[in-house]
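Enquirer: Please find the sequence and the predicted model below.
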Amino acid sequence: MKKYILLLSFIHILLCISCRPEKNDMILSESESLLDADPDSALSVLQTIIYPENLSPDIFNRYILLKIQAEYKSGQDITTDSTIFSVKESYMKDGNAYNIALASYYCGCYFKEFGRLKEAMENYQLALKFAEKIDDLNLKSLINNAIGFVLLDQSDPETAVRYFHESAAFDIQAGNVKNEAISYIQIGDCFQYLEKLDSAMYYYNLCLLLVEREKLKEQKACVLQNIGVLYGREGDLSKAEYYLKEALLHEPDSDGLIKIYTLLSDLYTENHQPDSAKVYMNYLMQRKDSIKDLYTKTNLYQTLSENEEYQGNYLKALEYHKIYSDNLLQQMDANLDNKLLNLQKKYDYEKVRMHNVQLKLDRTYILIALVFCIVIIICIGKISYGLYCSRLIKISELEDKMRQLTNLSATMNEKEKSFNEKEKSFRTYLLHHFNVMKKASSLELYLKNEKTHKNEFWIKKFNDIVYGQDVLDWNVLYDVINQLHDGFFIKLKEQFPQLKEIEFRIICLTYSGFSTEETSFILALSINTINTKRSAIRKKLGIEAYANLNDFLDQKLKR
């Protein structure tokens, strides 16, 4: 057995020779620590694992989950790889509530990116169901926030407000001020959609107080911008202008500045102040070449075209519209290129993965062949050794038998001389009584056929000579049967006390090998009566029609 255990251990070492789980675990932990602060770096760290398909199932699932988180947080397309669904199914089998909630959330994100809002909502709801079983407040907030956005996309801002409120409540419990501020902005946006401007202003001001207290510059720029837009909708130009200009002072991103300039330009244009609008149009013109984000640049040229058209400069408007169209096409091409690049990456990854799988299969086949050969050699050796040992045993047994025969031959004369002593031995004593009974039954059979009073006299005389009485001594027979068959009659009486004495006698005689005729003469009954009583016995004992009486008794009495 120890040899087989060592062999299996050797095979396991060969299969796992190139695996370094400790290093992979360190890489995943490092990526996880960078996930929120720098998702791009987290993704780069994950890419140092060259062959993720060689990871163990648990580590591979963790790798895929971290990968889709890093891609989603860094703004990359996550719709080119659907492995997250198999990860979710694996976690569903394991039953870990946190892993199920997180995987379901990113399955929802996958469907949302595809625009399949119904499937996204189903996965978000599943994530929320399992998130309720754990204490991760940030995850609960994240899921509620995602559900709110889906409802907003489905033109249901009223229900979305409830989920954004839930998200804010979890952020407050978790002490996550940044996300709390974002939730207030989202609630305000919902009330804007509902045309409840006072409620929207309340949550924007609540957010403003929070970000000013915590000095959150990026969120402050966002909420000031939203307040400015809200005042613009109410027709309060001075307040709209004030808040939008305040937003400019706190906006850290150049593309964000372009957006605010565009809002100011639109604000002045709508309020018939072309000179002020032109000032911000000039700002936009000066910074248009520095815009990195293609989406922002496209929106900028759309705004420039609309403003020039509003001022009657149709040629200039047409020129900007052409640039807007070109940028729109570039944006579409860029999105397509990104998707093609991701597909190419996925194809290359699958190609490498299949190559590695083939190498692993080849290695496995070699190992299997090696193990098979080793097993065959071991089996052949074991069989040969077994045959050799068996031959030695047989030779030894033959030698023992030869010695026994020699000893037996030597003691035969002594046994003949000590016949009287041997006659007193246990076996001889039993066989003596048994044979006497057999001969007595044969004698009775012979004499009863003659049917004379003289014969009956000799039968009684025989019994008197043998047993000391003129009839068969059943106690002697029972004692013989008990001695020969390991207490058979005692066990029979204990097991089946319902049987009558005559039935016990028939069973004992039948079990001891007496024929029906012998049994009938011993018991002084006819053969038909014996057969009838045997049938009655079978019914009492519950013996099946074709079952053997002796086999049944051996089984019941556990012989």
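Expert: Done, it's in.

Enquirer: list the buried ones in stretch 82-92?
Expert: Buried positions in stretch 82-92, judged by neighbour count with 16 or more other C-beta atoms under 10 Å: 83-84, 87-88, 90-91. For the C-beta atoms, the positions are set from N, CA and C on the backbone; glycine is no exception.

Enquirer: okay, it in CSV with CA atoms only?
Expert: Extracted in CSV, the C-alpha atoms of stretch 82-92 (Å, rounded to 0.1, in the frame of the first residue of the first chain):
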residue,chain,number,x,y,z
SER,A,82,-18.2,36.3,-20.9
THR,A,83,-16.0,34.2,-18.6
ILE,A,84,-17.6,36.0,-15.6
PHE,A,85,-20.8,33.9,-16.1
SER,A,86,-19.0,30.6,-15.6
VAL,A,87,-17.3,32.2,-12.5
LYS,A,88,-20.8,33.2,-11.2
GLU,A,89,-22.1,29.6,-11.8
SER,A,90,-19.0,28.2,-9.9
TYR,A,91,-19.7,30.5,-7.0
MET,A,92,-23.4,29.6,-7.0
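
Enquirer: mind checking how far that stretch is from the chain centre?
Expert: On the basis of C-alpha atoms, centre = their mean, to the nearest Å, the separation between the geometric centre of stretch 82-92 and that of its chain is 12 Å.

Enquirer: if we can go back for a sec, can you flag which of the buried residues of stretch 82-92 belong to helices?
Expert: 83-84, 87-88, 90-91 (DSSP state H).

Enquirer: For those residues, could you give me TSV that also reports pLDDT and distance to residue 258?
Expert: Output for those, formatted as TSV (pLDDT from 0 to 100; distance: C-beta to C-beta, whole Å):
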residue	pLDDT	distance to residue 258
83	88	37
84	90	35
87	90	39
88	91	39
90	91	45
91	91	42
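
Enquirer: Make JSON lines out of those and add distance to residue 137.
Expert: Formatted as JSON lines, those follow (distance: C-beta to C-beta, whole Å):
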{"residue": "83", "distance to residue 137": "28"}
{"residue": "84", "distance to residue 137": "23"}
{"residue": "87", "distance to residue 137": "23"}
{"residue": "88", "distance to residue 137": "22"}
{"residue": "90", "distance to residue 137": "26"}
{"residue": "91", "distance to residue 137": "21"}
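
Enquirer: can you give me phi and psi for the residue nearest the centre of the chain?
Expert: With distances taken as C-alpha atoms, centre = their mean, the residue of the chain nearest its centroid is residue 93 (4.3 Å). Taking degrees, to the nearest 10, you get phi -70, psi -40 for the backbone angles of residue 93.

Enquirer: Could you do residue 477 as well?
Expert: Residue 477 adopts backbone torsions of phi -60, psi -40, taken as degrees, to the nearest 10.

Enquirer: Isn't it up against residue 507?
Expert: No: the criterion here is C-beta atoms under 8 Å, and residue 477 misses it with residue 507 at 11.8 Å.

Enquirer: roughly how far apart are residue 267 and residue 192?
Expert: Noted for residue 267: a distance of 16 Å to residue 192, by C-beta to C-beta, to the nearest Å.

Enquirer: Okay, and residue 125 sits in which element?
Expert: Taking DSSP states H and E as the criterion, residue 125 maps to helix 117-131.

Enquirer: contacts for that helix?
Expert: Defining contact as C-beta atoms under 8 Å, 6 or more residues apart in numbering, one finds that helix 117-131 is touched by 97-98, 100-102, 104-105, 107-112, 139-140, 143-144, 146-147, 150, 153-154.

Enquirer: Show me how far it is from its chain's centre.
Expert: 22 Å.

Enquirer: Skip ahead from it and say which helix or strand is next.
Expert: Following helix 117-131 in sequence order, the next helix or strand is helix 137-153 (DSSP H and E).

Enquirer: who touches residue 164 in this structure?
Expert: Going by C-beta under 8 Å, 6+ apart, residue 164 touches 144-145, 148, 183, 186-187, 190.

Enquirer: tell me which element it is part of?
Expert: For residue 164, the host element (DSSP H and E) is helix 157-174.

Enquirer: which other helices and strands contact the helix or strand that that helix is followed by?
Expert: For helix 157-174, the succeeding helix or strand toward the C-terminus, using DSSP H and E, is helix 177-193. Under the contact criterion of 3 or more C-beta pairs under 8 Å, 6 or more residues apart in numbering; DSSP states H and E, helix 177-193 touches helix 137-153, helix 157-174, helix 197-214, helix 217-234.

Enquirer: Looking at these, which is nearest to residue 396?
Expert: Among these, the nearest to residue 396 by C-beta to C-beta is helix 137-153 (75.6 Å).

Enquirer: who's in contact with residue 85?
Expert: 107, 110 are the contacts of residue 85 under C-beta under 8 Å, 6+ apart.

Enquirer: so residue 531 makes contact with residue 516?
Expert: Yes: contact criterion C-beta under 8 Å: residue 531 and residue 516 qualify, at 7.0 Å.

Enquirer: sorry, back to before: would you turn the helices and strands packed on helix 177-193 into JSON lines with mean pLDDT?
Expert: As requested, those are exported to JSON lines (pLDDT from 0 to 100):
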{"stretch": "helix 137-153", "mean pLDDT": "92"}
{"stretch": "helix 157-174", "mean pLDDT": "92"}
{"stretch": "helix 197-214", "mean pLDDT": "90"}
{"stretch": "helix 217-234", "mean pLDDT": "87"}
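
Enquirer: so which of those gets nearest residue 557?
Expert: For residue 557, the closest of these is helix 137-153, at 70.9 Å, according to C-beta to C-beta.

Enquirer: Identify the residues contacting the closest one?
Expert: Applying C-beta under 8 Å, 6+ apart, the contact partners of helix 137-153 are 98, 101-102, 105, 108-109, 112, 117, 120-121, 124-125, 127-128, 131-132, 157, 159-161, 163-164, 166-168, 170-171, 173-174, 176, 179, 182-183, 186, 189-190, 193.

Enquirer: just the strands in the protein please.
Expert: For the chain, strands defined by DSSP state E do not occur.

Enquirer: And the lowest mean pLDDT element among the helices and strands of it?
Expert: In the chain, no helix or strand scores lower on mean pLDDT, DSSP states H and E than helix 419-423, which sits at a mean of 39.

Enquirer: can the helices and strands packed on helix 177-193 go into CSV with extra columns for distance to residue 370?
Expert: Formatted as CSV, the helices and strands packed on helix 177-193 follow (distance: least, C-beta to C-beta, whole Å):
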stretch, distance to residue 370
helix 137-153, 49
helix 157-174, 56
helix 197-214, 66
helix 217-234, 62
